[in-house]
Structure formats: structure tokens, C-alpha cells
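1. what shape does this take:
(4 chains)
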Protein chains: 2
Amino acid sequence: MGKKSDITKAKLVDTAKALFLERGFDGLKMQELADKAYINKGLLHYYFKSKEALFQAVFQEAMENLFGGVAEELLSDHAIETKMHVIIDLYFDRLSANPGLPIFVLSEIHKNPTLNGLINLGDVAPMLMSAISSQMDKPEEIESFLHLVLSVVSLCVFPFAARPLLSQLIGDVNKFEAFVEKRRGYVKNISTHLISEL
Amino acid sequence: MGKKSDITKAKLVDTAKALFLERGFDGLKMQELADKAYINKGLLHYYFKSKEALFQAVFQEAMENLFGGVAEELLSDHAIETKMHVIIDLYFDRLSANPGLPIFVLSEIHKNPTLNGLINLGDVAPMLMSAISSQMDKPEEIESFLHLVLSVVSLCVFPFAARPLLSQLIGDVNKFEAFVEKRRGYVKNISTHLISEL
DNA sequence: GTCTATATTTCGATAGAC
DNA sequence: GTCTATCGAAATATAGAC
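-> Sure thing, here's the model as predicted:
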């Protein structure tokens, strides 16, 4: 550890993360990646044998970044309202730091549904579902709870997925962050109402 | 009209719509498009001088399909609750018929924010905003109304944007349509609660 | 590890016969 | 209009010197 080559690889992976999230798998070209990482294409293939191998590393981390901790919180012993507030904070924190995450993940899965199985969403989905199911007994209650979780996630994630449009709607790109911070409180507030609908 | 060549062009455009929505601008290759439209690349460039020209036609229609009628409904003389219900039905109807629409539009705008200006969103955004603003007098009320509209749109659109994930969460891809139909009523119901928060 | 050079394929687009 | 043939550029990936 601490070797110069580690720095090179780390810079490569960081650059790949940023560029894949910006352009998607098809949009990013290895040449640009090499340039922005201050290396050349040869070295690039030394660290990752193919574009797909590099992409999968980036995509897997993105998935974990987007879904990690949610199932755990749903399975916790917190009150439902607390759970929702924790999840809301979790999403607003992460997405404020990384707004391109949702569009990247959703778009790549849309274009290549195989990613669903390849990555460990094969674990995440059943985990989430069992987390949701374990909250309730009857099938009807399970479905209601699923609607609640989906609503909360929708309200948190969608503004980031639609960020360019929303920025233009607000009129000033710089106001987006401020708007989103206000929205965090708004979503927390209405999550309470959604719970009382259960 | 009614000429054989019109049929050829129509089939080309239809195929382009389907494939661009499936793979995005970078993901779709002209060769595959020509094959699936049962023509060749030469003829393809006869109808559209470049890939970009063809894409813009498809994208513009997608934008209209995704946003058309919303501002008009917001500007109508309906009661707020009616407006929201109309918009909810509008989105669930359109997206059930064309589930790939949101991810396509949001992803392409994300990758190329210039599309924001190129297409007539330059019209749509101020139009939407003025539609929202015209509902209320004070700035505070305008922002509240914006939150309401954003919430309703989020609840309608997000399940389609996350369709592959949601399908897996439900367990059966075939159940997605049924789930979404139930969700239409759920969203209408909570839209009423959101309005009372104004 | 890191580089240059190159192999190989595929891309978007054009030329020109019919 | 529709086709075949092909151009030139750009793509991913590999080979081999250092």
C-alpha cells in the first residue's frame, strides 16, 4: 500500500466513476478516460482488462451507494416514522453529494436489464422485499407498506433524476441546492401523512 | 401521401423511436436501426442526413409526449384537486403505454444538457413555471405549489423510471402493470392530502 | 508499471449505379 | 427512392520495448 501505482489506479477509478456517471457506458470512450486520468490506453487495459470490467466495478459501487443501508434501516427496531426520516436523510445526504447517481443507475439498468442479475441486486431486491414484508403480517398490509416506501423513495430521488429540468424550472442552477434542502423538510413532513394512510 | 416511400419512412421513424428509447443516443447504432427497419444505411441517410438529425426528431416528440398538456391543465379553471387528478391520469395513461419515456428523456438531458435549450423545453419550462406562478400570488405560495406539483409528478413518474428494479422487487415482471394500476388510485388519494398541506 | 505502436473492428457518412 | 460498395475516422484491445 501507499505505492505510486496505487495512486495511479485510484486516480483512474475515480476518474472512471465521474465520467461513467456523466456519460454512461456507451457515452464514455476509453481515450477520454485515459486523457482525463493522465495515463494512456495501454495502461488502462493493464489495470482493467476491458471496458466492461471497469464499468462493472463502477456500477457495483454506485448500486451500493444508492441502496446500501435502506434494507437495514427498514429492518431496524425504530418506529416507522423514524425509519422514514432516517431514509429521507440518507437519500438527501447521498444524492446532494452525488446527484448523478440515480439517473446513471436507472438508465444503465434500463439499457441492460442483465445488470439486475449480474450485480448483487440479486441480493438487494429480495432483501428489501423481505425487509418490507417483515414489517407487516397480512398481504394487504405488505402492499400498503410497499406503496409507502416507494412514495418516500420517489419523493427523495426524483428531483435529482430530473435535476437539469428542475434547475431550469427554478430558473437558476445555483438555486437547486437550496431548493433541495427545503425539500428535505417538506418530504419529511408529508411522510408523516403518508404513514397515517397505512 | 400514401406512397410506398412514406411507409418506408414511417417504419424507419417508428423503429428509431423504439430503439432510441431502448438504448439511448450512444447505444443505438445505425446498422442495427437499418436492419430492424428492413432498409440499409444508405437509405437511412437519405431520409435523415445524420444520426443527430434523426435523434432530435425522436427526442422532440418524446418531450412533447412527456410534458404536453401539463401546463395547459395547470392553467385551466379546474379546482386544484381536479387538476392534480387529471395530471395523474395523464401520466399513468401515457407512461403505461410508453414506460421507457421518462428514463430516456431524463438520461439524454443528463448526458447532454444542451438538449434543454435546443428543444422547445425553452418554451415548456417557463410555460410550466408561469402556469405554476399564476396559481398563487405570494412567492411563498408559489413555492408551495411547486412542491405540490413536483410531488405529484414524482409519484407518477418514478415507478416507471425504476421499472426494472420495481418489477424485480414485486417478484414478477407481469405484475408490474397491475401494481401500477393500483398505484394510480393510491397517488390520487394522497394527492388530496398533499393539497391540504398547501 | 508505463509507454508507443499497431492490430482489428465498427462506426457514421458518402458516392454512384440502378 | 433504394441499393451496394467504400471511405475515413474512431473505437476497443493487444504486442512489445523500456
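2. ok, how many other residues are close to A:Leu75?
-> By the criterion of other CB atoms under 10 Å in any protein chain shown, A:Leu75 has 16 neighbours. Using the backbone N, CA and C atoms, a C-beta is placed for each residue, glycine as well.
3. what distance do you get for the nearest residue to it once chain neighbours are set aside to B:Ala34?
-> Leaving out its chain neighbours, the residue that sits closest to A:Leu75 by CB to CB, 6 or more residues apart in numbering or on different chains is A:Ala131, at 4.8 Å. A:Ala131 sits 47 Å away from B:Ala34, going by CB to CB, to the nearest Å.
4. and what of A:Gly171?
-> Distance of A:Gly171 to B:Ala34, computed by CB to CB: 42 Å.
5. those two: which has the busier surroundings?
-> Under the criterion of other CB under 10 Å, the comparison of A:Gly171 against B:Ala34 puts B:Ala34 first, with 18 against 11.
6. just say helix, strand or coil for that one.
-> Here B:Ala34 is recorded as helix under DSSP: H, G, I helix; E, B strand; the rest coil.
7. wait, doesn't it sit right on B:Tyr47?
-> No - with contact defined as CB atoms under 8 Å, B:Ala34 does not reach B:Tyr47; the gap is 10.9 Å.
8. for A:Phe165, which non-adjacent residue is closest in space?
-> One correction, residue A:165 is Leu, not Phe. The shortest distance from A:Leu165 to any non-neighbouring residue, by CB to CB, 6+ apart, is to B:Ile109 (6.5 Å).
9. again, but for A:Lys182
-> Nearest residue to A:Lys182 in three dimensions, chain neighbours excluded: B:Glu143, at 7.7 Å (CB to CB, 6+ apart).
10. for the residue nearest to the spatial centre of chain A, give its distance to A:Glu108.
-> Chain A has A:Leu66 as the residue nearest its centroid, 2.7 Å off, counting by CA atoms, centre = their mean. A:Leu66 sits at a distance of 11 Å from A:Glu108 (criterion: CB to CB).
11. hang on, A:Phe67 packs against A:Ala131?
-> No - A:Phe67 lies out of contact with A:Ala131 (CB under 8 Å); the separation is 11.3 Å.
12. and for whichever residue of chain A sits closest to DNA strand C, the neighbour number?
-> Proximity of chain A to DNA strand C (CB to the nearest atom of the strand) peaks at A:Gly42, 2.5 Å away. Neighbours of A:Gly42 under the rule other CB under 10 Å: 8.
13. what's the closest non-adjacent residue to A:Pro99?
-> Counting by CB to CB, 6+ apart, the residue nearest A:Pro99 is A:Phe160, at 4.9 Å.
14. buried residues in the helix or strand encompassing that neighbour?
-> Assigned by DSSP states H and E, A:Phe160 belongs to helix A:139-161. Neighbour-count burial for helix A:139-161 flags A:142-161 (criterion: 16 or more other CB atoms under 10 Å in any protein chain shown).
15. tell me which other helices or strands the helix or strand just after it touches.
-> Remark: after helix A:139-161, the chain's next helix or strand is helix A:163-170, criterion DSSP H and E. Applying 3 or more CB pairs under 8 Å, 6 or more residues apart in numbering or on different chains; DSSP states H and E, we find helix A:163-170 packed against helix A:175-196, helix B:101-111, helix B:114-118, helix B:121-133.
16. quick revisit: and the pLDDT at the residue nearest to A:Leu165?
-> B:Ile109 carries a pLDDT score of 97 in this model.
17. what's the local residue count around it?
-> 22.
18. could you do the one 3 residues further on as well?
-> Residues within reach of B:Asn112, counting by other CB under 10 Å, total 17.
19. ok, and the closest non-adjacent residue to it?
-> Sequence neighbours aside, B:Phe25 is the residue nearest to B:Asn112 in space, at 7.8 Å (criterion: CB to CB, 6+ apart).
20. name the element that neighbour belongs to?
-> helix B:4-27.
21. contacting residues around that helix?
-> A:23-24, A:26-27, A:107, A:111, B:28, B:32-33, B:36-39, B:43-44, B:47, B:51, B:54-55, B:57-59, B:61-62, B:98, B:100-101, B:104, B:107-108, B:111-112 (CB atoms under 8 Å, 6 or more residues apart in numbering or on different chains).
22. among those residues, which ones lie close to DNA strand D?
-> The residues of the contacts of helix B:4-27 that also fall near DNA strand D, by CB under 7 Å from any atom of the strand, are B:39, B:43.
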